[in-house]
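# Sequence and computational prediction follow.
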Amino acid sequence: MNWRRFVQRQKADAEQREELDFYLDVTTEEYIERGMDPAAAREGAQRKLGNTTLIREEVYRMNTLTFAEGVLRDLRHALRMVRLNPAFSAAAILTLALGIGPNTAMFSVFSAILIRPLPYPGSDALVTVANRLVISGQVFEDAELSPAMYVACKENARAFESFGVWTVGTATVTGLGDPEQLVTVTATEGVLPALGIPARIGRWFSREDDTPGTPETVILSYGYCQRKFGGDPGAIGRTVLVNFIPRQVVGVMPPGFRVANVSPDIILSQRFPVSGVPEEFGYAGVGRLKPGVTVALANQDVARVWKAWGETAGTSRMLALLQVQPNLRPLKKDVVGDIGSLLTLLMGALGLVLLLVCANVTNLVLVRAQSRQQEFAIRTALGAGWSRIAREILIESLTLGAMGGAFGLAVAYAGLRVLVTHGPANLPRLAEISLDGWSLAFVLACSVGASLLFGLAAVLRCGRPGRMEMARGATRGAGQLRMQNAFVVMQVALAFVLLVASGLMIRSFIAMRAVRPGFTHPEWIQTVRISIPEALAAKPEQVIRIQSEILSRLSAIPGVAAAGFGNGLPLEPEYHNGILIAVEGKTSPDQMPPNRAFNGMSPGLLAAQGTRLMAGRDFTWDDVFGQRRVALISENMAREYWGDGASALGKRIRFGRDGAWNEVVGVTEDVSADGVNRPAPATVYAHIGGRRGMTLAIRSERAGTEGFLRDVAAQIHAVNPNLPLARVRTLNDVYRQSMAQTSFALVLLAIAGAMALTLAIVGVYGVLAYAVARRRHEVGIRLALGAEPKALKWQFVRRGLLLNCIGGIIGLALALGLSRWIASLLFGLTPLDPLTYVAAAALIALAVTAGSYIPARQAASVDPVEMLRTE
Amino acid sequence: MVQGTLDMLILQTLVLGPAHGQTIAHAIERGSEEVLQVEHGSLYPALHRLQNRGWIAAFWGTSENNRKAKYYRLTPEGKRQLAAQTSRWEQVVRAIGRILNPIAESQG
């Protein structure tokens, strides 16, 4: 038997019919010619041919596959049932879609971020090369490399196929239309070969590109090349002015190329001068391991390299002091970060919702199967075997499941679109998230799994041999109700868990909003980042002149309350560059002083941010131009050393173990520089020292409006038309982004919680409504005998509440057991927050009461006369 | 008609050239001088079966009286099958003949 014939069996039958008709016609004609009258001739021909239907059936059977034919028939039947019971079908399909959709979306996120390998060939061999080191007791697990370490490792390490270091930064590009500030990756020669993605056109960097004295080179991203050169392969060899230095384009990377988590616009070659490089641990190392080399072996290899380097370069003392140890790890771990626990939690929460959905749909299907007992009984009587009926029920379930899955896929697609455009920017690999083959497999597994679950439940309930008897007018057993009661209890329990989870997130979010972050009205703070290139101002004093001129122009814009700038603003990465700070009389000169957050800032920044001055004064321009040795510190640092803010005034601190002393002239409010969910770091402020990169903060109620931005740009460009503006946003955007992970979890858990609550209400309602419908008779008789409607009502409500209580207790146990999973996401409260538990319990009790009241009222409103008359 | 011989007779009829169902039935009946009566209830399924096996092929043509008719023709595979079946049939007939009529066997 073959499938082609099976597919074409309808056509074959039509042909057969035509062939038989032809036979009849020809034979009839023949008989007429022999002298029979037409009617008799036709009859004779028909007799000669025999039963045409039988012939056609026999041929048809030759062409068909009995099982497939049966399945197809059941499928058609199932589709007809879906159409004929729109209310039931819509309820089941929508419920399934709402269960499967979010799960699929979350699974796609999960698989794109955690499961899928990084988009590099052989990405398992990629490692981050970093060190673990200890500064005054504080352990840093991912300290980056210094240039000398890079050179040592490059020359002596044997574990790597290729190895290099890179940094992220920004650069000004001029000469191609408006000046632009671009995201750059500055990489040594080994980085691109390690990542292993060939250039689209042109080449990677060569050893010459890394060597000082040769022409400077640049590699473009696909997007930037498209934007500026229209994707022209002729871009190779062109010259681009990067930070006013001409660089020759040697290559263009393919679309979507990223270095770990960074999508650079341009890639610059990193060249270290032969001598006089400051030993900063500021370069991220990346390497591709040789085949067969494990991370542990590579760690040993690098440890050997450090030891040899310490001896030859005389850095052994530093290595010992900082307890430097290589800490290599898979690159993927760095890219993904700590998002895994959040995603697992959300995946788990949505998985619970899917369970709820299954329970609900099972209930629906069971009730419907029950109402079809009569139909099944008749069919059994007509000779249908139980396997035949079981197959039909299963195929109906699978049809519902498939349709639910299809809608779920649509929900997932829409959800992912929203997520990718509006999702938290700090979600790693956001751009890689999509519905792929795995997502489709997941949808399929969910749909089939769910359908089998509720299909089998229905089969066990009514399709089993021997079960058929039940339909013959006998009263139905209590078994069905027990099963449904169990479902309701489970739903209430799961809903309780999810409500507690979303309640905890909501309370965390409120707690975060309540934190005084050290700035006020972030929506009024306009930020703009600019960088003054060396070609414009060679000396630090010139840089300061330009900066102060910009500031005074900005302050003159109407509606500006205050303006200032700093190396970075709170929540920006530039802000928490740490510096070792020694305190006179408090830190011992023999020991490494503690690392403190550090920010350089202009006079007026505190006012622009709305940061309160707790004691002393702000910087003045006299401090800046007079190069006075003064500093501000945060209140928490002042408390740490002197007990309160005011006592810190007049004390002296210095940067590093030696250097000049600076007098503390002011104490500021604590600023949550790392995000409102982290404790505010102890911070030291110096006045601007001629650093080129700075973020302006301009306080105005017009912040963020187009007109205001135009005014700001005009004033900055009046000072120099070649200054590009970057990170133009309000601090509120930054502020919101710092809470993005929490609000992301909050929104998803709230959705899960709301769905769970709705499903639980529907579940309770469904079961009680069914119980009421079944007991209309009994209720009618009891009413006729004088029962109080109120008492009857209470009887049903009480059942709902009983189920709720059992569910609630199970849910409480579950929630307590699972609470530690959510602990890391909470802020300002414990995972056992009593208020949340009480609120969740109250909410669910209220919902269940409402869900059971309606059917109870229906029961009490049964008209006994009406009821008994139909008897 | 003897079981299994219908297929062979159909194939034999088609040796002379393509024909439609009615012609095939007629040819068998006339060729056997009306001894063999073709049951149409089995003719058409047989045609379909032979077609599925690839021994005959069908095509739509125009009949003598200008009507659309389904014609069958022998395929090379069908020719081979016919030869094999005919020789096996003759063997069987000879064997049966030997048992029924040992003397006249040579004329069988």
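Looks like it came in fine. Everything numeric here is computed off the predicted structure, so don't read it as measured data. Residues are numbered from 1 along each chain as shown, chains lettered A, B, ... in the order given.
# could you measure the residue nearest to B:Gln37 when sequence neighbours are not counted against B:Leu36, distance?
Leaving out its chain neighbours, the residue that sits closest to B:Gln37 by CB to CB, 6 or more residues apart in numbering or on different chains is B:Glu29, at 6.4 Å. Quick note: C-beta positions are derived from backbone N, CA and C, even for glycine. According to CB to CB, to the nearest Å, B:Glu29 and B:Leu36 sit 6 Å apart.
# sorry, back to before: my guess is the residue nearest to B:Gln37 meets B:His40, correct?
No: B:Glu29 lies out of contact with B:His40 (CB atoms under 8 Å); the separation is 11.2 Å.
# So for those two, which sits in the more crowded spot?
For B:Glu29 versus B:His40, the count of surrounding residues by other CB atoms under 10 Å in any protein chain shown is larger for B:His40: 21 against 14.
# So what does the more buried one look like in phi/psi?
For B:His40, the backbone dihedrals are phi -70, psi -20 (criterion: degrees, to the nearest 10).
# Can you tell me how far it is from A:Ser508?
For B:His40 relative to A:Ser508 (CB to CB), the value is 83 Å.
# A:Arg238 now?
52 Å.
# Neighbour count: the two, which is higher?
Each of A:Arg238 and A:Ser508 has its neighbours counted (other CB under 10 Å); A:Ser508 has more, 24 against 16.
# residues near the nearest residue to the more buried one once chain neighbours are set aside, how many?
Nearest non-adjacent residue to A:Ser508, counting by CB to CB, 6+ apart: A:Phe827, 4.3 Å away. Neighbour count of A:Phe827, defined by other CB under 10 Å: 18.
# right, and A:Phe827 touches A:Asn677 too?
Yes: counting by CB under 8 Å, A:Phe827 does reach A:Asn677; the two are 5.0 Å apart.
# Can you pull the residues that touch both of the two?
Shared contacts of A:Phe827 and A:Asn677, defined by CB atoms under 8 Å, 6 or more residues apart in numbering or on different chains, are found at A:Met512, A:Thr742.
# so the residue in the stretch 101-250 of chain A positioned nearest to chain B is in which element?
Closest to chain B within the stretch 101-250 of chain A is A:Thr104: 44.1 Å, counting by CB to the nearest CB. Using DSSP states H and E, A:Thr104 falls within helix A:86-110.
# Contacts made by the helix or strand following that helix with the rest, please.
As assigned by DSSP H and E, the chain's next helix or strand after helix A:86-110 is strand A:126-129. Here strand A:126-129 makes contact (CB under 8 Å, 6+ apart) with A:118, A:120, A:142, A:145, A:153, A:163, A:165, A:194-195, A:260, A:284-289, A:295, A:298, A:302, A:326, A:328-334.
# Name the residues of the helix ranked longest in chain B that come out as buried.
Secondary structure of chain B read by DSSP state H shows that its longest helix is helix B:76-100. Neighbour-count burial for helix B:76-100, counted by 16 or more other CB atoms under 10 Å in any protein chain shown, picks out B:Gly78, B:Gln81, B:Leu82, B:Gln85.
# out of those residues, who's near chain A?
By CB under 8 Å from any CB of the partner chain, no member of those lies near chain A.
# secondary structure element for A:Ser508?
helix A:479-514.
# now for that helix, which elements pack on it?
Here helix A:479-514 touches helix A:339-371, helix A:740-774, helix A:789-818, helix A:834-860, going by 3 or more CB pairs under 8 Å, 6 or more residues apart in numbering or on different chains; DSSP states H and E.
# Contacts only, for the residue nearest to A:Arg820 when sequence neighbours are not counted.
Counting by CB to CB, 6+ apart, A:Arg820 lies nearest to A:Pro831, which is 6.3 Å off, once chain neighbours are set aside. Counting by CB under 8 Å, 6+ apart, A:Pro831 touches A:Leu504, A:Ser819, A:Arg820, A:Ile822, A:Ala823.
# Looking at those residues, which one is closest to chain B?
The nearest one, if we look at the contacts of A:Pro831 relative to chain B and count by CB to the nearest CB, is A:Ile822, at 64.8 Å.
# The closest one: what's it in contact with?
Applying CB under 8 Å, 6+ apart to A:Ile822 gives the contacts A:Leu345, A:Ala501, A:Leu504, A:Met505, A:Pro831.
# and what of A:Ile688?
Contacts here follow CB under 8 Å, 6+ apart; on that basis A:Ile688 touches A:Ile544, A:Gln547, A:Phe565, A:Gly566, A:Asn567, A:Gly600, A:Met601, A:Ser602, A:Val624, A:Met694.
# for the chain, which spans come out with low pLDDT?
Picking chain A for this. Applying pLDDT under 70 to chain A flags the ranges A:1-2, A:135-138, A:273-280, A:423-426, A:462-481, A:572-578, A:657, A:867-871.
# wrong one, I was asking about chain B
In chain B (pLDDT under 70), the answer is B:1-4, B:103-108.
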